[in-house]
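In: here are the coordinates; sequence isn't available:
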């Protein structure tokens, strides 16, 4: 008989696609989330009109500070994907 692997469930599909380890799934999840955030224009809040990164508000005294960082969404999705898959 043939011993071909059988894909069962979402985890089997992930392994078949090369996403068998949590770091691989986290990287792909963070990349997709980052591309989606960029396509929606979300990172604009982290930069000023000249294209410079705004400082983090708790550490900066100026009015240009922001609580948002352009890597917040991809990192959060990557960590969640790593921990929960």
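Out: On my side now, so go ahead. Just so it is clear, the model here is predicted, and its values are computed rather than measured. Residues are numbered from 1 along each chain as shown.
In: which outside residues touch stretch 62-82?
Out: Residues outside stretch 62-82 that contact it (C-beta atoms under 8 Å, 6 or more residues apart in numbering): 22-23, 25-34, 37, 42-43, 45-48, 53-59. (Each C-beta comes from the backbone N, C-alpha and C, glycine too.)
In: these, buried ones only, as a PyMOL selection?
Out: Those of the contacts of stretch 62-82 that count as buried under 16 or more other C-beta atoms under 10 Å are selected in PyMOL with:
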select buried, resi 25+26+27+28+29+30+33+34+37+43+46+54
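In: name the SS class of residue 78, please.
Out: Following DSSP: H, G, I helix; E, B strand; the rest coil, the label given to residue 78 is helix.
In: excluding sequence neighbours, find me the nearest residue to it.
Out: Of all residues not flanking residue 78 in the chain, residue 30 sits nearest, at 3.2 Å (C-beta to C-beta, 6 or more residues apart in numbering).
In: buried ones in stretch 65-72, by neighbour count?
Out: By neighbour count on 16+ other C-beta under 10 Å, the buried set for stretch 65-72 is 66, 70.
In: endpoint to endpoint, it covers what distance?
Out: Distance across stretch 65-72, first residue to last, is 16 Å (C-alpha to C-alpha, to the nearest Å).
In: next one: that stretch to chain centre, how far?
Out: 14 Å (C-alpha atoms, centre = their mean, to the nearest Å).
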